[in-house]
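S.K.: Please find the sequence and the predicted model below.
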Amino acid sequence: MSHDTDVLAMARKQLAIAAELLELDDGLHEVLAHPKRQLIVRFPVVMDSGEVRVFEGYRVQHNVSRGPSKGGLRYHPEVDVHETTALAMWMTWKCAVANIPYGGAKGAVKVDTKRLSKRELEKLTRRFVSEINIVIGERADIPAPDIGTNPQVMAWIMDTFSMHAGYTTPGVVTGKPIELGGRKDASKRPGGASSSALRKPPKCWGSTSTERGWRCKALGTSARSLRGSPKSKGRRSLP
């Protein structure tokens with residue numbers, strides 16, 4: 001995201017528009033405008049050169065009213081807690097529109113993975129999980145791949161969390177390798193399902209014009225993060 005764009009303000013403005021259309025209770029609107037939990041951690045990693053570097057990471061849980069929170073883990077040098085919070089909010093809307101029993105969450109580490117060796121990436125991931133394992137879990141908050149992460153990173157997360165738990169917990173992440181219980185299509189680019197949904201007629205999304213309008217706006221929250229039209233077939237990622 002560009003530093004010139006306040007994505008959290010954008011997400012809250014979109015919420016305000018939806019709240020007005022729905023005639024949402026002011027109290028509920030206020031609750032949804034803020035995340036339930038923001039965890040900010042700073043942790044050291046010993047690099048291949050022997051140098052010790054300190055990285056900053058986040059796990060934000062926006063809302064868990066519908067069930068455990070769910071959302072990707074992003075590795076990028078320009079992320080911050082405000083962007084991560086906005087992405088967690090958008091994940092709440094996506095889960096609600098799809099009518100699945102999850103709330104929205106998002107995680108991130110401020111790092112340029114292109115400058116890391118595979119060994120350094122593994123050490124960073126495992127140390128980050130050790131810091132956030134108090135808030136994640138298959139019945140609490142389930143990370144998934146996003147920008148800068150992949151099935152291998154999910155495997156490291158699963159293994160590290162399982163070591164802390166004392167037993168294997170494959171449900172702590174999605175997007176893991178097939179050999180560990182992952183799905184064949186889980187490695188597809190993030191947002192593929194959403195871009196496919198956008199190509200479906202809006203009449204499939206609701207029985208009344210008001211309901212269709214709300215669902216289109218809610219899904220549009222995610223769609224605006226696509227860099228390009230639906231014709232690009234999702235080659236760029238959703239949050």
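M.R.: Sure thing, it's come through. Numbering: from 1, shown residues only.
S.K.: list the buried ones in stretch 147-161?
M.R.: For stretch 147-161, the neighbour count (16 or more other Cβ atoms under 10 Å) marks 147-151, 153-161 as buried. All C-beta spots, glycine's among them, are computed from the backbone N, C-alpha and C.
S.K.: What of stretch 165-172?
M.R.: In stretch 165-172, counting by 16+ other Cβ under 10 Å, buried: 169, 172.
S.K.: Just the terminal-to-terminal distance for that stretch.
M.R.: With Cα to Cα, to the nearest Å as the measure, stretch 165-172 spans 11 Å from end to end.
S.K.: To what extent is Leu24 buried, counted in neighbours?
M.R.: Residues near Leu24, counting by other Cβ atoms under 10 Å, number 15.
S.K.: ok, now which ones touch it?
M.R.: Leu24 sits next to Ala18 when contact means Cβ atoms under 8 Å, 6 or more residues apart in numbering.
S.K.: how about low-confidence regions in the chain?
M.R.: Where the chain drops to pLDDT under 70, the residues are 1-4, 185-239.
S.K.: Go again with 90.
M.R.: Within the chain, the segments meeting pLDDT under 90 span 1-5, 180-239.
S.K.: tell me the contacts of Pro35?
M.R.: Pro35 makes contacts with 60-63, 85, 88-89, as judged by Cβ under 8 Å, 6+ apart.
S.K.: measure it to Gly72 for me?
M.R.: With distances taken as Cβ to Cβ, to the nearest Å, Pro35 is found 16 Å from Gly72.
S.K.: Could you list every helix and strand that the strand ranked longest in the chain packs against?
M.R.: The longest strand of the chain (DSSP state E) is strand 52-63. With contacts taken as 3 or more Cβ pairs under 8 Å, 6 or more residues apart in numbering; DSSP states H and E, strand 52-63 sits against strand 37-46, strand 69-75, helix 81-97, strand 103-109, helix 118-132.
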